[in-house]
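Undergrad: Sequence below, structure please.
(one chain, ligands or ions: 1)
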Amino acid sequence: MIRLHALALVPLVLLACADPAVVEPAETPLPSIVDVIDAARLRGAESSGDDWLSHGRTYTEQRHSPLDRIHEGNVGELGLAWVYETRTTRGLEATPLVHDGVMYATGSWSVVFALDARTGVELWRHDPRVSGAAGANACCDVVNRGVALYDGRVYVGALDGRLIALDAKTGTPVWETWTVDPSKPYTITGAPRVVKGKVIIGNGGAELGVRGYVSAYDAATGALAWRFYTVPGDPTLPFEHDELEMAAHTWSGEWWTLGGGGTVWDSLAYDPELDLLYVGTGNGAPWVQSIRSPGGGDNLFLSSILALRPDTGELVWHYQTTPGESWDYTATQHMILADLEIDGRERKVLLQAPKNGFFYVLDRATGELLSAEKYAHVTWATRIDLATGRPVEARGARYAATPKALYPGPIGAHNWHPMSFNPATGLVYLPVQDMGFSFATDPDWQLRPGLTNTGIDPLEGTMSMLSGPVTGSLLAWDPVAQREVWRNGHVRPWNGGTLSTAGNLVFQGTGNATFAAYRATDGERLFEAPTGTGVVAPPMTYAIDGEQYVALLAGWGGGFALASGDPPSETLATGNRGRVLVFRLGGTLRLDVPEPTLAAVVPMDAPIDPQLAERGSALYHRYCGACHGPAAVGGGTIPDLRRSAPETLEALAPILLEGVFSARGMPNFGAWLTDADISALHAYLLEQRARLVADAER
Ligand code: CA
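TA: Model (predicted):
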């Protein structure tokens, strides 16, 4: 066992460059926005690779750039051009957008920043001042995946559920509107898209028990244009729109009292020719179907791909990947629109690799399922029946009465991290992870408003997640032949999204604090650089005056980072210092990454009652483990409770029962925990601390 040394607060020096965080604001006038982004410009975003105007670069969401100045022959000469300090320590998941020499990106807590895309100098920064209490509603970190640009404005969904329009030149708010009932535990982490003058935005919160929907707002005024609910409400009341009457026949019990789920927390795409907006929907709330809809049923529109009219929100077709969803198998994963020749016919298809482990190819005009094959280790179903479009489930996969270990686990074989598609190679590049999970119904389940309400036995689930083999890789997948073409294994399971370029390259950051480029055709690694902390965000690329840049946000985080408690050592060393890293050919800036060092834990000389600690373990995994990691090991972005200062451990009662840290995103558990529970949790944390001390001395 490596002994952990005292934390040396090594000054982090960016050689040859002052810390951009302390650079004075630019004295040169802000670039003037003459090139207005209108609906036609967004439709034509295919043509030029210089700007990156929309979340997935274009409405197809292919994340493939036609830029080829950086290519397989010279990518080894890439170096850092500039670095921007985001002044954040939580997860960074945004795709920066670039328009007219300005980069627009977001950090943790929905902070928006505009940077000179050539130098990284900050032009403006807008903090929407999300209440720390909203952090307790975020199942999967206080992340944000980026902005939308349209008509001189920047649109961002704030974590607390507001949609905000900012002036693109100054960052000054133009309008803001609540897209959710703020008394309910909704969050927004996804990037808006602008389609035909409307800002499209969904939300998250299914783990806490909300009802999902997607909304469209007038980009100019912020007025609500339409809203499509993904699960029906109380059927004794009038339905909000016609489609819900059909959907209500696929539910039973009183699901509306539990929320139902189906949240639209990430993936959107648009086909201007077909005039269809594609929407990916999330898992059920609670996860356990026997709790949520005791009579079974498909539970529409959970885990589905919806094709809506963007003018009205009217449903044209839907395809449900996981009927009667029970495993957190969302279909919110990235959707790519491509034109592929299948069986001798040119087909307009939609590609998705949702959490459930099957790679789906749908006809995007009709929703017809063309093919679906396993892209990862999958045991919950044997295959997808192409005649019915439905999975053939494995025996016992509906674990209601008996616990069942299955692949994939709730983290999914592929999570939110975007894929990319290269039309020249015909391959999709996706970050996958293989990790199982023991699904068991919580014997003590009750609705706990404001807290996690999955219905899953928390101890069984948390502890099983990392017990089997856990691997992550970059997979190149042929969507026509439905087969793997190449795969590069990674050190850690949780890695960044991907970028494809016409230079025959695929770029990806990793959970091991590196950024790499691979040859798109065979996966050979051609370039690698340190990132200072773990990466989960996808890279993007842009060009100014013929110079091509590749940009990436580095900041460890997201659901797995919180729930696994296994941060890369660089993240521990830097305190998860968030940065925008921008590379170009011949860039000479060096990122100084300190030696990973950690303070020794101060032993606490207190007697530990093993029985009390065991009760504390059960409480810990019900209330704390989803964020602070299994067995209190911490995640590198929020505190490792084994390392708490002794005075913090002695203050558990005010922290947990009075919510004294709620401004930092720490929930108040006063409604659920008693003084006796605090004693048990205290004993458990002391026990885990003593284990850590003993391990360090071994
Ligand atoms: Ca979920």
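Undergrad: Could you use CA atoms for every contact and neighbour count after this?
TA: Fine.
Undergrad: helices or strands next to the host helix or strand of Val485 in the packing?
TA: Using DSSP states H and E, Val485 maps to strand 483-490. Judged by 3 or more C-alpha pairs under 8 Å, 6 or more residues apart in numbering; DSSP states H and E, the packing partners of strand 483-490 are strand 471-478.
Undergrad: run the last query once more with 10 Å
TA: If contacts are counted by 3 or more C-alpha pairs under 10 Å, 6 or more residues apart in numbering; DSSP states H and E, strand 483-490 sits against strand 369-374, strand 427-434, strand 471-478.
Undergrad: Could I have the CA atoms of it written out in CSV?
TA: Extracted C-alpha coordinates of strand 483-490, given in CSV (Å, rounded to 0.1, in the frame of the first residue of the first chain):
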residue,chain,number,x,y,z
ARG,A,483,-20.4,-4.8,-35.5
GLU,A,484,-17.3,-3.6,-33.7
VAL,A,485,-14.5,-2.4,-35.9
TRP,A,486,-11.9,-1.5,-33.3
ARG,A,487,-11.8,-0.8,-29.6
ASN,A,488,-9.2,0.8,-27.3
GLY,A,489,-9.4,-0.1,-23.6
HIS,A,490,-9.1,2.7,-21.1
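Undergrad: quick one: strands adjacent to that strand?
TA: strand 471-478 (antiparallel) (DSSP bridges).
Undergrad: thinking again about what came up before, compute the inter-axis angle for the strand holding Val485 and strand 369-374.
TA: With axes from the mean of the first three to the mean of the last three C-alpha atoms, to 10 degrees applied, the angle from strand 483-490 to strand 369-374 works out at 40 degrees.
Undergrad: Which residues does strand 483-490 contact?
TA: Under the criterion C-alpha atoms under 10 Å, 6 or more residues apart in numbering, residues 359, 373-376, 427-433, 471-478, 510-512, 518, 520-525 lie in contact with strand 483-490.
Undergrad: can we see that at 6 Å?
TA: With C-alpha atoms under 6 Å, 6 or more residues apart in numbering as the test, strand 483-490 has contacts from Gly472, Ser473, Leu474, Leu475, Ala476, Trp477.
Undergrad: what does stretch 460-476 give?
TA: 428-438, 485-490, 492-493.
Undergrad: Now that stretch - C-alpha only, PDB.
TA: The C-alpha atoms that make up stretch 460-476 are tabulated as PDB, following Å, rounded to 0.1, in the frame of the first residue of the first chain:
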ATOM      1  CA  GLU A 460     -27.100  -4.000  -2.200                       C
ATOM      2  CA  GLY A 461     -27.000  -1.800  -5.300                       C
ATOM      3  CA  THR A 462     -24.100   0.600  -4.300                       C
ATOM      4  CA  MET A 463     -21.800  -2.200  -3.100                       C
ATOM      5  CA  SER A 464     -22.500  -4.400  -6.100                       C
ATOM      6  CA  MET A 465     -21.700  -1.700  -8.700                       C
ATOM      7  CA  LEU A 466     -17.900  -2.000  -8.500                       C
ATOM      8  CA  SER A 467     -17.700  -5.700  -7.400                       C
ATOM      9  CA  GLY A 468     -17.400  -7.200 -10.800                       C
ATOM     10  CA  PRO A 469     -15.000  -6.400 -13.600                       C
ATOM     11  CA  VAL A 470     -15.400  -2.700 -14.500                       C
ATOM     12  CA  THR A 471     -14.000  -1.500 -17.800                       C
ATOM     13  CA  GLY A 472     -14.200   1.400 -20.100                       C
ATOM     14  CA  SER A 473     -13.200   1.800 -23.700                       C
ATOM     15  CA  LEU A 474     -13.500   3.800 -26.900                       C
ATOM     16  CA  LEU A 475     -15.400   1.800 -29.400                       C
ATOM     17  CA  ALA A 476     -15.600   2.200 -33.200                       C
END
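Undergrad: What segments of the stretch 201-350 of the chain are strands?
TA: For the stretch 201-350 of the chain, the strands defined by DSSP state E, counting those that start in this stretch occupy 213-218, 224-229, 260-261, 268-271, 276-280, 284-285, 304-308, 315-320, 335-342, 345-352.
Undergrad: For stretch 70-90, which residues meet the burial criterion?
TA: 70-72, 75-76, 78-86, 88-90 (16 or more other C-alpha atoms under 10 Å).
Undergrad: returning to what we had before: chain center to the strand holding Val485: distance?
TA: On the basis of C-alpha atoms, centre = their mean, to the nearest Å, strand 483-490 sits 22 Å off its chain's mean C-alpha point.
Undergrad: With stretch 156-171 instead?
TA: Centre-to-centre, stretch 156-171 and its host chain are 19 Å apart (C-alpha atoms, centre = their mean).
Undergrad: do stretch 418-434 as well
TA: With C-alpha atoms, centre = their mean as the basis, stretch 418-434 stands 17 Å off its chain's centre.
Undergrad: distance between the ends of it?
TA: Using C-alpha to C-alpha, to the nearest Å, one end of stretch 418-434 lies 17 Å from the other.
Undergrad: Average pLDDT for that stretch, rounded please.
TA: Stretch 418-434 carries an average pLDDT of 98.
Undergrad: Kindly report the same for stretch 273-291.
TA: Here stretch 273-291 scores 97 as its mean pLDDT.
Undergrad: How about stretch 334-353?
TA: The pLDDT scores in stretch 334-353 average 97.
Undergrad: Could you list the buried residues of it?
TA: Judged by neighbour count using 16+ other C-alpha under 10 Å, the buried positions of stretch 334-353 are 334-338, 340, 347-353.
Undergrad: ok, now how distant is the residue nearest to the spatial centre of the chain from Glu93?
TA: Taking C-alpha atoms, centre = their mean as the criterion, Trp416 is the residue nearest the geometric centre of the chain, at 4.5 Å. Distance of Trp416 to Glu93, given as C-alpha to C-alpha: 9 Å.
Undergrad: before we move on, what about Val194?
TA: Going from Val194 to Glu93 by C-alpha to C-alpha gives 20 Å.
Undergrad: closest one to Val147 among the helices and strands packed on strand 483-490?
TA: Counting by C-alpha to C-alpha, Val147 lies closest to strand 427-434 out of these; the figure is 22.4 Å.
Undergrad: Partner strands of the next helix or strand after that closest one and their direction?
TA: Using DSSP H and E, the helix or strand that follows strand 427-434 towards the C-terminus is strand 437-439. Partners of strand 437-439 in the sheet, by DSSP bridges, are strand 404-406 (antiparallel).
Undergrad: buried residues in the following helix or strand past the strand it pairs with?
TA: Toward the C-terminus, strand 404-406 is succeeded by strand 420-422 as the next helix or strand (DSSP H and E). Buried residues in strand 420-422, counted by 16+ other C-alpha under 10 Å: Ser420, Phe421, Asn422.
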